[in-house]
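Peer 1: Sequence and predicted model, in that order:
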Protein chains: 2
Amino acid sequence: AKAKDFTYSNRGMTLEEDLNETNKFYLQSEIAVIHKKPTPVQIVNVDYPKRSAAVIKEAYFKQASTTDYNGVYKGKYIDFEAKETRFKTSFPLNNFHKHQIEHIKQVLNQNGIAFVILRFSSIEEVYFLEGKHLLSLWYRMEEGGRKSITISEVQEYGHRILLGFRPRIDYIKIVDKLYNLS
Amino acid sequence: AKAKDFTYSNRGMTLEEDLNETNKFYLQSEIAVIHKKPTPVQIVNVDYPKRSAAVIKEAYFKQASTTDYNGVYKGKYIDFEAKETRFKTSFPLNNFHKHQIEHIKQVLNQNGIAFVILRFSSIEEVYFLEGKHLLSLWYRMEEGGRKSITISEVQEYGHRILLGFRPRIDYIKIVDKLYNLS
Ligand SMILES: [Mg+2]
Ligand SMILES: [Mg+2]
């Protein structure tokens, strides 16, 4: 089947759902062990009713201090964040939080494999962009440069991922190629 | 200062607090990037008041599908779970959930570094036990053997960690030695 058979509009899936399915496929096929981290929540008040499960009655969303996905592939540490935009010609850098950028930098310093998966939802294109390129583009912004990554920069520095059936977003294929792991 | 100066009873710290401090030290010293995963919560009902933060009004604790801690050290994937017991002569295996054991097995198959940190709280001893040994002892139980690890087995297969000041529980030192990473 061709990649174009598996478009987002056909399927009504979010990027996160596709990545969760992809990770499930990798896990079941023993290709990689990668999980999404739970949403961080600050729990304030919990009820412990008799004979039933504890109920959280008051809690707040906390900002994550890392990226959303991590795990192991052939012994190597894998770490990534996934983000979507509706823009067609550029990807706004304010989609990332400063501590996510900091985390990517820390992972790279520790020789981990860090990247982002960017989806342009209106044109249905998905790209793999290595952490080192994201950092350069972020620093450019901090030095007064543009606040987004143009689509041609994404195409130049990144790697397009065509949607598949199983796995849906085969980012491990790109990890294999970039880091000579196959 | 001697290790005995930093006992739990002196300080009133939990194992989790000590590990969080340890990981903070590793992060700040650029030794390793290891974080505790957020507690997984099933969110059922959220209130979005005007002009203030969203309030989670109903949520439940979910069982984690992985271990609690993971990250990267010298490019390698690190994964561990920390558990405490009040028993003095053995560590009950029912402290672990079946899917945590399954996760440790998956990480080892992917050549990740997986282990557990066991604390005997009443005798104030902390041990590092490699995932492969935990799996053997778990399988022994599944085949009808004992439902716990005796303290002498922990001492034979594991590695004692004396409490320090900074870092408090220097498990990376043991990783270094066992996997020849130093
Ligand atoms: Mg996110
Ligand atoms: Mg736990």
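Peer 2: Looks like it came in fine. Ligands and ions are numbered 1, 2, ... in the order given.

Peer 1: which other helices and strands contact the strand or helix carrying A:Arg119?
Peer 2: Element membership of A:Arg119 [criterion: DSSP states H and E] is strand A:113-120. With contacts taken as 3 or more C-beta pairs under 8 Å, 6 or more residues apart in numbering or on different chains; DSSP states H and E, strand A:113-120 sits against helix A:15-28, strand A:76-85, helix A:98-109, strand A:125-130, helix A:131-142, helix A:171-178. Every C-beta, even on glycine, is put in place using the N, C-alpha and C of the backbone.

Peer 1: who wins for proximity to chain B among the ones you listed?
Peer 2: strand A:76-85 (3.6 Å; C-beta to the nearest C-beta).

Peer 1: what helices or strands is the closest one leaning on?
Peer 2: Identification of packing neighbours for strand A:76-85 by 3+ C-beta pairs under 8 Å, 6+ apart yields helix A:15-28, strand A:69-73, strand A:90-92, helix A:98-109, strand A:113-120, strand B:69-73, strand B:76-85.

Peer 1: one more time with 6 Å, if that's ok
Peer 2: Strand A:76-85 sits against helix A:15-28, strand A:69-73, strand A:113-120, with contacts defined as 3 or more C-beta pairs under 6 Å, 6 or more residues apart in numbering or on different chains; DSSP states H and E.

Peer 1: how about these in TSV, adding mean pLDDT?
Peer 2: Converted to TSV, these look like this (pLDDT from 0 to 100):
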stretch	mean pLDDT
helix A:15-28	97
strand A:69-73	98
strand A:113-120	98
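
Peer 1: could you measure the closest residue in space to A:Leu181 that isn't next to it in sequence against A:Phe128, distance?
Peer 2: Counting by C-beta to C-beta, 6 or more residues apart in numbering or on different chains, A:Leu181 lies nearest to A:Lys74, which is 5.2 Å off, once chain neighbours are set aside. Distance of A:Lys74 to A:Phe128, given as C-beta to C-beta, to the nearest Å: 17 Å.

Peer 1: tally of neighbours for A:Thr66?
Peer 2: Neighbourhood size, A:Thr66 [other C-beta atoms under 10 Å in any protein chain shown]: 22.

Peer 1: for it, what are its contacts?
Peer 2: A:His103, B:His35 (C-beta atoms under 6 Å, 6 or more residues apart in numbering or on different chains).

Peer 1: What's the local residue count around the closest residue to A:Asn20 other than its chain neighbours?
Peer 2: In space, and not counting its chain neighbours, A:Asn20 is closest to A:Lys36: 6.2 Å by C-beta to C-beta, 6+ apart. Neighbouring residues of A:Lys36 were enumerated by other C-beta under 10 Å; the total is 15.

Peer 1: list the helices and strands the one helix or strand A:Glu58 maps to packs on?
Peer 2: If you go by DSSP H and E, A:Glu58 is part of strand A:55-61. Contact analysis of strand A:55-61 by 3+ C-beta pairs under 6 Å, 6+ apart lists strand A:41-47, strand B:55-61 as its packing neighbours.
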